[in-house]
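# Return atomic coordinates for the entry below.
(one chain, ligands or ions: 1)
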Amino acid sequence: MADKEKDQKLSKDEQLEYFRKDHDGKKMTTNHGVRVSEDEHSLKAGVRGPTLMEDFHFREKMTHFDHERIPERVVHARGYGVHGHFQVYEPLTDLTKAKFLQDPSVKTPVFVRFSTVAGQRGSSDTVRDTRGFATKFYTEEGNYDLVANNMPVFFIQDAMKFPDVVHAVKPEPHNEIPQATAAHDTFWDFVVNNTESAHMIMWLLSDRAIPRSYRMMEGFGVHTFRLVNEEGKGRFVKFHWKPVLGVHSLLWDEAHMLWGRDADYHRKDLYEAIESGHYPEFELGIQVIEEEDEFKFDFDVLDPTKIWPEEDVPVRLVGKMTLNKNPDNFFAETEQVAFHPGHVVPGIDFTNDPLLQGRLFSYTDTQLTRLGGPNFQEIPINRPVCPFHNNQRDGFNRMSIDKGQVAYHKNSLAGNSPETASEEEGGYVHYEEKVEGKKVRARSESFKDHYSQATLFWNSMSTVEKKHLVSAFHFEIGKVKSKEIQQAVVDMFNNVSGDLAKQIAEGVAAEPPAEPGGTGVTKSSPALSQMNTSKHVKTRKVAILAANGFDSNELKQVKEALEEKEVIAQIINDSLGMIKSEDGEEMEVDTTFLTTASVIFDAVYIAGGKDSVDSFRNKKDAIDFVNEAFKHCKTIGAANDALEFLLETDIKETAKEEKGGKISNVNGVVTVNEAENLEEFTEEYLQALAEHRHWSRQMEG
Ligand code: HDE
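As a prediction, this is how the structure comes out:
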């Protein structure tokens, strides 16, 4: 309906209402609603004259721009959020009365923000760091936030020390160097002076800290929470997210190169997966310890530097989260979302974990500055989907227009509205835990074992994971300037394992420990090793090197076989445009050597066809591309003519020339010669791709 027509048909009240709502009009207006006639020139006294103060449109536009930035999060500044939903598999009535965990047919909307911790908003995605994994469930009983990380433990045991650990890891205050890394003196000085960090350091220096994708990492609630059922029975629980695609990581060298090649690697990966309909999925897992068993373990269940080994306390998978919508606006949603571990619903409660208790204060407090006052819950992304009423009023950026005379409780003028709800009516009643004690600044003796689970972690790593961990120590400690701190790291980690400490010392020219240390823990936990994760090819990225003269029959077979398994295959050449096969068929180039890099992909396939292969044989870009992928243990495939190209690369020794169509797979280099049909070859190639990386190559070196 034309605006004018509409105006005439509406009553005055309706008109007002209509104008208030009509924000999607095509005509540009100022923020006070006046239509703008010109938006490219400021108002001047003469075309070469001064700008006039009365130009309200210019002033408004510029003022708004001047204030477009808000403070970034003090930690977890760089992140990416997406929408989805969560469904429980079966009613969890035995454990909790939380309504969103009862009915498998209910899809609870969620918003999830993944993040790095230390780097600033503009830092790179693939830094070595813990990843945040915060989920807001918009339930019918109010918002529930599971504000998790991709590591199950934390650096410290008491929230009092959070500012210290964050100050230590952030860029050093005198020169604001280095960005987004723990590899510097102040962080390691903190570590050696705060040995409760030992277990978390093992995670931070493991491959967990450089995930391949947000879609391929676990999430952990870290703290022990409490689930409470309808009968009022409470149980200790830990929350887990298990990625359906398995847990996979980058190599350190690859992660490092990606900082420069594509700083948005993880957010792009998530965005593209959702846009292409490959929705990331995570299963929610719960570990349960009965209250009566609180003291039956060799760790304190309230200690956030301890895991509950999954072999001892199994993870029950209770539901699935599917992420299926990118935000419409990064700022409005991802930047303005405000999570809080204290946002719980009836049936989910707290414990006395001293780290959790401190978090309950910090999260609202930080939003007061970041989001400009106490009304941030009214920002659309933060609003509950259920009705909400109380007597809180006013403050910066109040959005709602509260009606009526009464803003207090109890009242009779408004019929005592809004009134509180009884427990039966869904009112939140805190778990009645008995607490008694003296006021002390102290830590329980049961928190004093800093090393046993660090040893458990070390014992649980495969040979290659241990190798990665040791070289991560060499990198981090190698960047530390203080010799004393380097030595202190070796000495501290001798408490975890003599073998580990000796290897750290070797890489940084420190003294090996005089006496081999360790904790005597010999147990391991298979669930901690990424080698035991599930393996899939779905959404893996394959680079296909192809040029004019490619063999279209072969390439089509391979591309179709990959795409059938939801692998993303992209053709790479020198320049964009079409390439022509031997028999004149055309295919479009997706990306060029200049605009992409081997580190963006999980695997490479070199297309056959004599001319295509010949054009790559002397091309440094193509040779480097394959050599780099080989170095990063990626699957490499070549059939028939393309074997000639492999002979120009570091793979020449591996690229066996099997005759008679026999498939060869040597450490993930999959080749075949004299094969007309590539069906078996692609099967082998896909199996190799599912392996993620071929670590045996590293073990040989
Ligand atoms: Fe946070 N943390 N944290 N944290 N945290 C913040 O809140 C804090 C901790 C986590 O995507 C801040 O809104 C304290 C553990 C995530 O928006 C801040 C302590 C775990 C996110 C804050 C911790 C987390 C944050 C900064 C120790 C894993 C990003 C901006 C007592 C279970 C959420 C903000 C998002 C963000 C405080 C420790 C996870 C300052 C005081 C343990 C995923 O309030």
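
# Could you list the residues of this structure in contact with the ligand?
Residues of the chain that fall close to the ligand, judged by Cβ under 6 Å from any ligand atom: 73-76, 79, 113, 115, 132, 134, 147-149, 154, 159, 162, 221-222, 337-339, 355, 358-359, 362-363, 366. Where C-beta positions appear, they are placed from N, C-alpha and C, glycine not excepted.

# Out of the residues you listed, which sit inside strands?
Counting by DSSP state E, the residues of the chain next to the ligand place 79, 113, 115, 132, 134, 147-149 in strands.

# My read is that residue 685 contacts residue 604, right?
No - applying Cβ atoms under 8 Å, one finds residue 685 not in contact with residue 604, separated by 10.5 Å.

# Between the two, which is the more surrounded one?
The neighbour comparison of residue 685 against residue 604 (other Cβ atoms under 10 Å) goes to residue 685, with 30 against 22.

# Next, that one: phi, psi?
As for residue 685, its main-chain torsions (degrees, to the nearest 10) stand at phi -60, psi -40.

# if I pick it, what's in contact with it?
Contact analysis of residue 685 by Cβ atoms under 8 Å, 6 or more residues apart in numbering lists 558, 603, 605, 635, 637, 670.

# Okay, and the beta partners of the fifth one?
Put plainly, it is residue 637. Applying DSSP bridges to residue 637 yields these beta-bridge partners: residue 605, residue 670.

# is it true that it touches residue 666?
No - using Cβ under 8 Å, residue 637 is not in contact with residue 666, being 11.9 Å away.

# if you count what's nearby, which of these two comes out ahead?
Between residue 637 and residue 666, counted using other Cβ under 10 Å, residue 637 has the larger neighbour count: 29 against 15.

# That one and residue 510: what is the separation?
Plainly put, residue 637 is 43 Å away from residue 510 if you go by Cβ to Cβ, to the nearest Å.

# quick one: the strands in the stretch 1-150 of the chain?
Using DSSP state E, counting those that start in this stretch, the strands of the stretch 1-150 of the chain run over 79-88, 108-116, 131-139, 142-149.

# so how far is the last one from its chain's centroid?
By that I understand strand 142-149. Put simply, strand 142-149 sits 15 Å off its chain's centre (Cα atoms, centre = their mean, to the nearest Å).

# please renumber so the chain begins at 24
Renumbered: residue one is now 24, and that last one reads strand 165-172.

# what does that strand rub up against?
The contact list for strand 165-172, computed with Cβ under 8 Å, 6+ apart, reads 121, 123, 153-160, 242-245, 262, 264, 362-364, 366-368, 371, 382, 386, 405, 407, 409, 411.

# do the same with the second one
With contact meaning Cβ under 8 Å, 6+ apart, strand 131-139 is reached by 96, 99-110, 123, 146, 148, 150, 152-162, 203, 237, 289, 293, 344, 346, 356-357, 360, 362, 404, 408.

# and if we set it to 6 Å?
99, 101-109, 123, 150, 152, 155-162, 237, 360 (Cβ atoms under 6 Å, 6 or more residues apart in numbering).

# now the third one
With Cβ under 6 Å, 6+ apart as the test, strand 154-162 has contacts from 99, 123, 131-138, 166-173, 242, 362, 368, 408.

# got a pLDDT number for whatever residue of the stretch 424-573 of the chain ends up closest to the ligand?
Across the stretch 424-573 of the chain, no residue is closer to the ligand than residue 466, which sits at 14.1 Å (Cβ to the nearest ligand atom). On pLDDT, residue 466 comes in at 96.

# those helices in the stretch 74-223 of the chain, which residues are they?
Assigned by DSSP state H, counting those that start in this stretch, the stretch 74-223 of the chain shows helices spanning 79-89, 185-192, 208-216, 221-227.

# And for the stretch 274-423 of the chain?
Using DSSP H, counting those that start in this stretch, helices in the stretch 274-423 of the chain cover 275-284, 288-298, 353, 377-393.

# CSV for those, including mean pLDDT, distance to residue 637 and mean neighbour count?
Putting these into CSV (pLDDT from 0 to 100; distance: least, Cβ to Cβ, whole Å; neighbours: other Cβ atoms under 10 Å) gives the following:
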stretch, mean pLDDT, distance to residue 637, mean neighbour count
helix 275-284, 96, 28, 18
helix 288-298, 98, 33, 19
helix 353, 98, 46, 13
helix 377-393, 96, 58, 16
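
# what about the residue of the chain at minimum distance from the ligand, neighbour count?
Closest residue of the chain to the ligand, Cβ to the nearest ligand atom: residue 155 (2.8 Å). Residue neighbour count, defined by other Cβ under 10 Å, stands at 22 for residue 155.

# One more: the one 5 residues further on?
The local packing of residue 160 (other Cβ under 10 Å) involves 24 other residues.

# With residue 210 instead?
Residues lying near residue 210 (other Cβ under 10 Å) number 26.

# Could you chop the chain up by domain?
Listed by automatic domain parsing, the domain ranges of the chain are 102-405, 478-552, 558-723.

# Of these, give the one that comes closest to residue 472.
Nearest of the domains of the chain to residue 472, taken as Cβ to Cβ: domain 102-405 at 7.1 Å.

# rewinding a little: residue 565: which of the helices of the stretch 274-423 of the chain is closest?
Of all these, helix 288-298 sits nearest to residue 565, with 14.6 Å by Cβ to Cβ.

# Please look at residue 140 and residue 100 and confirm they touch.
No - using Cβ atoms under 6 Å as the test, residue 140 is too far from residue 100 to be in contact (8.6 Å).

# who has more neighbours, those two?
Here residue 140 and residue 100 are compared on neighbour count by other Cβ under 10 Å; more neighbours surround residue 140, at 22 against 19.

# who's in contact with the more buried one?
With contacts defined as Cβ under 6 Å, 6+ apart, the neighbours of residue 140 are 98-99, 152-153.

# measure it to residue 101 for me?
9 Å.

# Likewise for residue 625?
From residue 625 to residue 101 the distance is 24 Å (Cβ to Cβ).

# Next: residue 150.
For residue 150, the distance to residue 101 equals 9 Å [Cβ to Cβ].

# Mind listing the shared neighbours of those two?
Counting by Cβ under 6 Å, 6+ apart, the residues touching both residue 150 and residue 101 are 139, 142.

# can I assume residue 671 is in contact with residue 641?
No - using Cβ under 6 Å, residue 671 and residue 641 do not qualify as a contacting pair, with a distance of 7.8 Å.

# So for those two, which sits in the more crowded spot?
Each of residue 671 and residue 641 has its neighbours counted (other Cβ under 10 Å); residue 671 has more, 18 against 9.

# how about the more buried one, secondary structure?
Assigned with DSSP: H, G, I helix; E, B strand; the rest coil, residue 671 falls in the coil class.

# While we're on it, how confident is the model there?
pLDDT, residue 671: 94.

# so what's it up against?
Counting by Cβ under 6 Å, 6+ apart, residue 671 touches 640, 646.

# Check residue 686 too.
Applying Cβ under 6 Å, 6+ apart to residue 686 gives the contacts 695, 703-704, 707.

# about what we covered before: do you know which of the domains of the chain lies nearest residue 57?
Closest approach to residue 57 among the domains of the chain is made by domain 102-405 (23.8 Å; Cβ to Cβ).

# Between the two ends of the closest one, how far is it?
16 Å (Cα to Cα, to the nearest Å).

# circling back to that earlier point, the contacts of strand 154-162, buried ones only, as a ChimeraX selection?
The ChimeraX command for the buried members of the contacts of strand 154-162 (criterion: 16 or more other Cβ atoms under 10 Å) is given here:
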select :99,123,131,133,134,135,136,137,138,166,167,168,169,170,171,172,173,242,362,368
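
# hang on, the earlier thing: between residue 625 and residue 101, which has more neighbouring residues?
Legend: neighbour count by other Cβ under 10 Å for residue 625 and residue 101, higher for residue 101 (26 against 22).

# Could you pull out the strands in the stretch 474-623 of the chain for me?
Using DSSP E, counting those that start in this stretch, strands in the stretch 474-623 of the chain cover 564-568, 591-596, 600-603, 609-612, 614-615.

# Skipping its backbone neighbours, what lies nearest residue 179 in space?
Once flanking residues are discounted, residue 179 sits nearest to residue 188: 5.6 Å by Cβ to Cβ, 6 or more residues apart in numbering.
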